[in-house]
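Undergrad: my questions concern the predicted model and sequence given below.
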Amino acid sequence: MMIRGDRLGSLGSREGNARGERTRKALLEAAGSVFAGAQYGDARLLDISTVAGVNAGLIHFHFGNKEDLAAELLNEYRSRIDAVFASSSYEVSAADRIIRAFKELARVIASDPILQAGLSLSLLPPAALAKVSQAPTAAWREAAAVMVREGIEDGSVHPNADPEALASFIYDLFVGAQVISGTSNQWTSFPDEAERLALLVQAQLKDPVWKIEG
């Protein structure tokens, strides 16, 4: 059986695209590992390519420079955070969804270098990434605020709760815990810590310090 040249070209193109996508994914995962363990200025492209097991020149081919790679990592970080919030079941109350997302985020961050690196980059971004690093934080807070508003509507959150203030509290509590966990034991204790802190979140959802009177 003979295979026409155009079919061979098509097969080769698909295989090349698949190989390129695997390389790009490997580089992004490697960048997560490196940025999670070092500040942006100390992270080297050579370290990233070594972890990925590919030539350093492929970083420039797929991403450009270190700034572009870090920006893409932040975009992926936001996508994965959004996916956790989106996976919360609407079969339970909004307050329960907030608690589940809080715990699930801690669980996935404990084992996902891209999320670990994304958090680090969003907290201490280089000047060139200041704008793009703000987007995941803003999206995180807004997703939490939306859930708080939904909780007010379904009765699972105090009717006078201030959604923005409560969402900021939840975010700040989460980030503070992950910083301590990441520094002390590379996030291994984060899920257990989130379980304990979730009790504090639950208490604030029922009777928040931040209320809108009237």
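TA: That came in fine, so what should we check first?
Undergrad: give me phi/psi at the closest residue to residue 213 other than its chain neighbours?
TA: Of all residues not flanking residue 213 in the chain, residue 160 sits nearest, at 6.6 Å (CB to CB, 6 or more residues apart in numbering). For glycine as for every other residue, the C-beta is placed from the backbone atoms N, C-alpha and C. Backbone dihedrals for residue 160, given as degrees, to the nearest 10, come out at phi -100, psi 10.
Undergrad: I figured residue 160 hits residue 212, correct?
TA: Yes: contact status for residue 160 versus residue 212: in contact at 5.5 Å, counting by CB atoms under 8 Å.
Undergrad: list residues touching both of the two?
TA: Residues touching both residue 160 and residue 212 (CB atoms under 8 Å, 6 or more residues apart in numbering): none.
Undergrad: show me where pLDDT drops low in this protein?
TA: Counting by pLDDT under 70, the ranges of the chain that qualify are 1-16, 214.
Undergrad: which stretches of it form helices?
TA: Remark: helices assigned in the chain by DSSP state H are 5-37, 45-52, 57-62, 66-86, 94-109, 113-123, 130-154, 163-185, 190-206.
Undergrad: just the C-alpha atoms of the shortest one, please, in CSV.
TA: When you say that, I think you mean helix 57-62. Provided in CSV are the C-alpha atoms of helix 57-62 (Å, rounded to 0.1, in the frame of the first residue of the first chain):
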residue,chain,number,x,y,z
GLY,A,57,17.1,27.3,22.7
LEU,A,58,13.7,25.8,22.7
ILE,A,59,12.6,28.2,25.4
HIS,A,60,13.2,31.1,23.0
PHE,A,61,11.4,29.2,20.2
HIS,A,62,8.3,28.4,22.2
